[in-house]
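A.B. asks: I would like to see how this sequence folds:
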Amino acid sequence: MSNQIQNTSAQQRELADKRVVIVGGTSGIGLSAAIQAKNKGANVIIIGRNADVAAQLTEKYGFEGWRAADVTSEIEVETALRDFPVVDHLVMLAGSFVAGKVREAEVGYLRRAFDERIWAAVTAIRTLGDRLSKDGSVTFVSGVLADRPNAYGTAVLAAASAAMEAFARGLALEIAPVRVNTLSPGPIDTPLLSKTLGDGRDAFVESLNATLPLKRIGTVDEAAAGVVFLITNGFMNGATLHLDGGAALV
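C.D. replies: Below is the predicted model of the structure:
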């Protein structure tokens with residue numbers, strides 16, 4: 001029993017005194033990952049678009065700090081990250097649901113899918129430079145569209161999601177020994193889901209529940225646990241973690 005208690009205590013503190021910066025940490029998977037990382041002893045800084053929300057959440061959950069930034073703005077991302085002496089783990093989870101058919105939507109709008117993901121990540125990595133701990137990690141997010149695009153105006157978003165996975169693999173070689181991985185979540189019950197689908201959310205979820213092997217969609221806590229796994233497993237590198245409840249099987 002004493003060994004079990006010691007092991008549990010060690011797991012709870014496995015991120016002790018490590019600085020974890022989560023871009024997109026004010027809602028959904030990002031916020032849950034921030035809470036879980038803090039519970040493991042991390043000093044967590046959340047970065048979100050709304051300063052008031054970020055400040056309120058930091059006070060509520062006892063995070064180390066917060067920043068506000070629009071990830072499509074190179075200047076704002078640089079400003080948010082430039083004053084950390086060291087970052088042990090960087091998590092990039094920000095990104096909206098950019099949907100529009102290639103021959104119909106405005107190109108400027110479609111470009112946002114890459115601006116929020118690839119170029120935000122490039123800016124963050126360049127800004128941190130050598131201040132990103134060599135025994136630390138970078139975690140990106142992609143999504144099921146990277147492997148299974150559809151015909152409903154998600155071609156560019158699917159391309160951006162797939163690009164994140166390829167970028168992570170290349171970056172893992174370029175900035176080694178810093179580890180770089182990607183979380184690819186399937187259908188997760190996030191605030192973005194409701195925001196995107198509006199009144200159609202419940203019907204969409206019901207249809208998924210009828211077809212998915214687990215008969216339900218995932219929770220933000222389950223997806224966030226995948227983020228924490230990628231942060232804490234020191235031999236996970238250059239990989240994409242598919243956390244979809246078996247959605248790829250149907």
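
A.B. asks: helix or strand for the closest residue to G143 other than its chain neighbours, which one?
C.D. replies: Setting aside the residues directly before and after it, G143 is nearest to S161 in space (Cβ to Cβ, 6 or more residues apart in numbering), at 4.6 Å. Heads up, the C-betas are built off the backbone N, CA and C, glycines and all. Taking DSSP states H and E as the criterion, S161 maps to helix 155-174.

A.B. asks: surely N43 meets T58?
C.D. replies: No: the criterion here is Cβ atoms under 8 Å, and N43 misses it with T58 at 11.6 Å.

A.B. asks: neighbour count: the two, which is higher?
C.D. replies: T58 (21 against 17; other Cβ atoms under 10 Å).

A.B. asks: that one - that's part of a helix, no?
C.D. replies: Yes: remark: T58 belongs to a helix, assigned using DSSP: H, G, I helix; E, B strand; the rest coil.

A.B. asks: next one: it from D17, what distance?
C.D. replies: Going from T58 to D17 by Cβ to Cβ, to the nearest Å gives 18 Å.

A.B. asks: same question, N39
C.D. replies: Distance of N39 to D17, given as Cβ to Cβ: 14 Å.

A.B. asks: one more: R201?
C.D. replies: In terms of Cβ to Cβ, R201 sits 40 Å off from D17.

A.B. asks: tell me the bridge partners for L90.
C.D. replies: Beta-bridge partners recorded for L90 (DSSP bridges): V21, V138.

A.B. asks: report the contact partners of it.
C.D. replies: With contact set as Cβ atoms under 8 Å, 6 or more residues apart in numbering, L90 has these partners: 21, 23, 124-125, 128, 132, 136-139.

A.B. asks: now do it, the pLDDT please.
C.D. replies: As predicted, L90 sits at a pLDDT of 98.
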